[in-house]
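S.K.: A structural model of the following input is requested.
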Amino acid sequence: TFEPTRLRTWLDARRHSRDKHVPRIMAENHDSDEMESLSRLIKRAINEGAPLYNEGMKKECYEVYMEVIRAALAESMLAESTVGQVLDRAAEEASQILSAGGGSGEKQDAYAEAAWILRHCFDDI
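M.R.: Numbers count the residues shown, from 1 in each chain. Below you'll find the predicted structure:
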């Protein structure tokens with residue numbers, strides 16, 4: 001079953017922990033710890049989202065992926081980085097897909113497409 005609070009709780013705990021590397025992401029001048037933390041965050045999102053998608057819960061999968069992107073983009077240094085720009089573009093493209101979605105059946109298809117846009121972005125990072 002989908003529990004969005006589990007991922008949010010994990011993200012919040014990481015944000016408030018002493019390890020401030022998650023979700024801090026920097027494309028330029030990054031160190032290996034920061035990029036490893038981004039990798040862990042993305043893997044966690046995929047581990048949470050992919051089973052939801054496979055169970056037909058496309059909207060919930062999309063929400064998990066977007067939660068991670070929002071958390072990552074909340075880091076000020078990220079917004080100016082190449083990785084931040086890639087995440088932001090993917091989020092914008094996914095949002096446009098959802099805005100264009102029609103009725104409930106079309107909306108589910110839109111969530112599926114939006115989730116895949118975000119997943120491909122994660123895979124590219």
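
S.K.: rest of the way, CA atoms for contacts and neighbours
M.R.: Will do.

S.K.: any buried residues in stretch 51-68, and which?
M.R.: Of the residues in stretch 51-68, 52-53, 57-68 count as buried by neighbour count, 16 or more other C-alpha atoms under 10 Å.

S.K.: just flag the most distant two among these.
M.R.: Greatest spacing in the buried residues of stretch 51-68, by C-alpha to C-alpha: 57 and 68 (17.3 Å).

S.K.: out of the buried residues of stretch 51-68, which is nearest to residue 123?
M.R.: residue 65 (12.0 Å).

S.K.: okay, and the closest residue to the closest one other than its chain neighbours sits in which element?
M.R.: Counting by C-alpha to C-alpha, 6 or more residues apart in numbering, residue 65 lies nearest to residue 45, which is 5.9 Å off, once chain neighbours are set aside. Using DSSP states H and E, residue 45 sits in helix 32-54.

S.K.: ok, then the element right after that helix?
M.R.: Downstream of helix 32-54, the next assigned helix or strand under DSSP H and E is helix 58-73.

S.K.: next secondary structure element downstream of that following helix?
M.R.: Per DSSP H and E, the first helix or strand lying C-terminal to helix 58-73 is helix 76-79.

S.K.: helices or strands next to the next helix or strand after that next one in the packing?
M.R.: Downstream of helix 76-79, the first helix or strand assigned by DSSP H and E is helix 82-100. Contacts defined by 3 or more C-alpha pairs under 8 Å, 6 or more residues apart in numbering; DSSP states H and E place helix 82-100 against helix 58-73, helix 104-124.

S.K.: gap between residue 53 and residue 75?
M.R.: Going from residue 53 to residue 75 by C-alpha to C-alpha, to the nearest Å gives 27 Å.
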